Each structure stands twice: as structure tokens, then as C-alpha cells.
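>>> return atomic coordinates for the entry below.
(one chain, ligands or ions: 1)
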Amino acid sequence: MTFTLGIHESVDLIFPPTVLREPLDSEDGSEVRVVGSGTDLEACDALVTFAYEDAFLSAGLSWIHSIQAGVDRFPFDELESRGIRLTNSTGIHGDAVGETVLGYMIQFARRLHRYRDRGRDGEWTHPAWDEPFTLAGESLCVVGLGTLGRGIAARADACGMDVVGVRRTPTPVEHVREVYTPAEIETAVADARFVAVATPLTEATRGLIGADVLAAMADDAYLLNVSRGGVVDEAALLEELEADRLAGAALDVFETEPLPEDSPFWDRDDVIVTPHAAAATRDYYRRIADLVRENRRRAIAGESLVNRVV
Ligand code: NAD
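Have a look, this model is predicted:
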């Protein structure tokens, strides 16, 4: 049997489709081709993709792999009713996102974001004596302790921070001193200088970081969101920032992406905006290739797939 794996052209948003092709080429008779949304989809048994399109449902695919960990854009029920399996790319972004979040915290603590902003105008301004601080001894609450959350916690711990976290099952997690349940989230964030959000977007997490949780955070705390825009209530966040009831925010993900030009988040000194790039690394495609190769082997052998969502 020839197994044909399609690489959808939409992966181009993250890496060129052709670079993924080489590590997926194999000598077992399976074929790899870069496909668009036209009829060539129908020649494929499985598809590796960034985007979701309705055309995927009727193309006769048996398996779709999302090159993102978040699969909130895919219609789970439709896929299930058509017998199309969906796998995601969780498990591979802990290092990259962990370093990005560490970078946000260092920027805020050491004021690097302000020097960069002011440097553009040639402004040599020393910070107020009580503005800069060090991460050592500061506290972090990580909401969602999966791949991203653990990557963040390990790095914060290595910097001497006190790390607590929120997890559905409050069992111990390495590098995390205390684990709270989602029902205890307001207690979990209350003493944290930084709150990092790393859950998937689900019915249970939509708006999880709303007015109540933001109000429970300290006035000198920073919110860091690397999950999905919908997990944070953006209007409530803006209100807290405008009222100086939060020190700042670093946001990689937004309700609307790309972030519209007229968004108030762009112009704020106390906000770092990154363009959904927290997981970006030039090695991204290699990690995807490892996951897809293993699942292709399993698909051909009739075994169950890893990272299966549907
Ligand atoms: P993961 O599956 O390894 O971890 C998710 C964790 O969140 C799990 O431990 C799960 O138990 C926990 N969780 C789920 N609901 C929760 C709730 N209500 N309260 C607390 N914890 C809850 O996934 P991951 O690889 O860590 O990625 C997490 C999410 O981050 C993805 O779904 C995706 O949306 C987002 N993400 C964003 C980027 C980016 O570039 N910014 C990159 C990768 C992932």
C-alpha cells in the first residue's frame, strides 16, 4: 500500500513546506507531496497542516496533523463523525516558549523594554531607583502545567524564583512549590509578581483570566499570555492596565490575529506585544517531522496515534 502524506501549503506561515518534506521522505514506499486546497488534497491519505479548511472534511483523509499544539480552530465533532483522526503538536514547545516567557520576565524586571523604546529617540534616561528588580526571590504563578507550563516553571526555578501553579489535577509538578486547582486560581495568583497563562483554549478556559482573576492579582504584577487570546478577557485586562491596577502585560496571542493596527495594546509602554511567535524556532520543522514520522509509521501499521485529539 502506498501511503501519501500531504504537507499543506499553509504551514508556510511557520516554515517553508519544502523543508519539512526532506525529513519526511522515506524509503518505505510512502509518498510526500506539498498540496494546496484543490483536488490534489484527494490524493492524500493524511495531511500535515497549519490552517483548517472545510475542504479537508470531504477529501477522503484518514488523519490530519496540526503543526500547532492548539487545535481550537478544528471542528472536533465533524472530524469524529467522518472518522478523520486529528493529532496535535503538543510536547515540543516547552524550550522555545519557556525561553520566551523568561525573556518577558527579564525585560520587565530589568526594564530592557523601556531602554529599547527610549533608545529609538536617543533618550538616555536612568530608571527610577525603585523600578528595576531581579527575578531571584520574585514569584511566578503558571496557569496550565503542560508542556509550556513546565518549560516556563523549570526556567523560573533556575533563576531562583518561587513558582506556584494551577492545574486541573493538583498533584505535584517538578519546579513548582505548590499546585492549586482551577477553583483556587484567585488564591494562586494573589501573591505572584508574574502570572503566566499556558492552558489550551477550551470551553472551560475561555475567559478564564477575567475581571475577577485580574483583580485578585497584585497592583505590581504582570500578566504573560502565551496560550490563546480567548483565555484572557482583553477588555478587562485593558481596564486594569489603564487604572494602574497591574504593572504590565506581555501578550503573544490575541482574540483577533494579526492584532489590529488600532489596538490600544500596541501603544502602551507597559505592554510587550509579540506576534504569536513564542514557539518560533528554526528547529520547529524538525520537531514536527519527528512527531509526524512516528505517527505515519503507526498509521501504516494500524497502531494508535500519539498526540491524538480526535
Ligand atoms: P499541553 O497539552 O502539554 O498542556 C496543556 C495543559 O493545560 C495540560 O496540562 C492541561 O491539563 C492544562 N489545562 C487544561 N485546562 C485547564 C484548566 N482549566 N486549568 C488549568 N490547566 C488546564 O499543551 P501545551 O503544548 O503546553 O500547549 C498549551 C496551549 O498553549 C496550546 O493548546 C496552545 O493553545 C498554546 N500554545 C501557544 C503557543 C504560542 O506560540 N504562543 C505555542 C504552543 C502552544
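
>>> going forward, measure contacts and count neighbours with C-alpha atoms only.
Fine.

>>> look at I7 and give its secondary structure.
Three-state assignment for I7 (DSSP: H, G, I helix; E, B strand; the rest coil): strand.

>>> can you pull the contacts of it?
17, 20-21, 32-35, 47-49 (CA atoms under 8 Å, 6 or more residues apart in numbering).

>>> got it, and I14?
I14 neighbours (CA under 8 Å, 6+ apart): A280.

>>> can you tell me how far it is from the ligand?
I14 sits 10 Å away from the ligand, going by CA to the nearest ligand atom, to the nearest Å.

>>> backbone phi and psi for that residue, please?
In terms of degrees, to the nearest 10, the main-chain angles of I14 are phi -110, psi -40.

>>> host element of S26?
Under DSSP states H and E, no helix or strand contains S26.

>>> and it, how far from R177?
45 Å (CA to CA, to the nearest Å).

>>> show me what contacts the spatially closest residue to L13 that is not a sequence neighbour?
Residue nearest to L13 in three dimensions, not counting chain neighbours: F50, with 7.7 Å by CA to CA, 6 or more residues apart in numbering. Neighbouring residues of F50 by CA under 8 Å, 6+ apart: 8, 10-11, 13, 66-68.

>>> what about the helices in the stretch 201-310 of the chain?
With DSSP state H, counting those that start in this stretch as the criterion, the stretch 201-310 of the chain has helices at 211-216, 234-242, 284-301.

>>> for the closest residue to I84 other than its chain neighbours, the count of nearby residues, please.
Nearest in space to I84, with sequence neighbours left out and distances taken as CA to CA, 6+ apart, is S62 at 4.8 Å. The number of residues packed around S62, counting by other CA atoms under 10 Å, is 17.

>>> likewise for the one 3 residues further on?
Summarising burial for H65: neighbours were counted as other CA under 10 Å, giving 24.

>>> again, but for D157
20.

>>> and if you look at the one 5 residues further on?
In terms of burial, D162 registers 22 neighbours under the definition other CA under 10 Å.

>>> try P75
Residues near P75, counting by other CA under 10 Å: 15.

>>> picking up where we left off before, how about the helices of the stretch 201-310 of the chain, which one is nearest the ligand?
Closest to the ligand of these is helix 284-301 (CA to the nearest ligand atom; 10.8 Å).

>>> kindly format the C-alpha coordinates of the closest one as CSV.
C-alpha atoms of helix 284-301 as CSV (Å, rounded to 0.1, in the frame of the first residue of the first chain):
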residue,chain,number,x,y,z
TYR,A,284,10.4,23.8,14.6
TYR,A,285,10.1,21.7,11.5
ARG,A,286,12.5,19.1,12.8
ARG,A,287,10.3,18.5,15.8
ILE,A,288,7.2,18.4,13.7
ALA,A,289,8.9,15.8,11.4
ASP,A,290,9.8,13.6,14.4
LEU,A,291,6.1,13.6,15.5
VAL,A,292,4.7,13.0,12.0
ARG,A,293,7.2,10.3,11.1
GLU,A,294,6.3,8.3,14.2
ASN,A,295,2.5,8.7,13.5
ARG,A,296,2.9,7.8,9.9
ARG,A,297,4.6,4.6,10.9
ARG,A,298,1.8,3.9,13.4
ALA,A,299,-0.9,4.8,10.8
ILE,A,300,0.6,2.4,8.3
ALA,A,301,0.9,-0.3,11.0
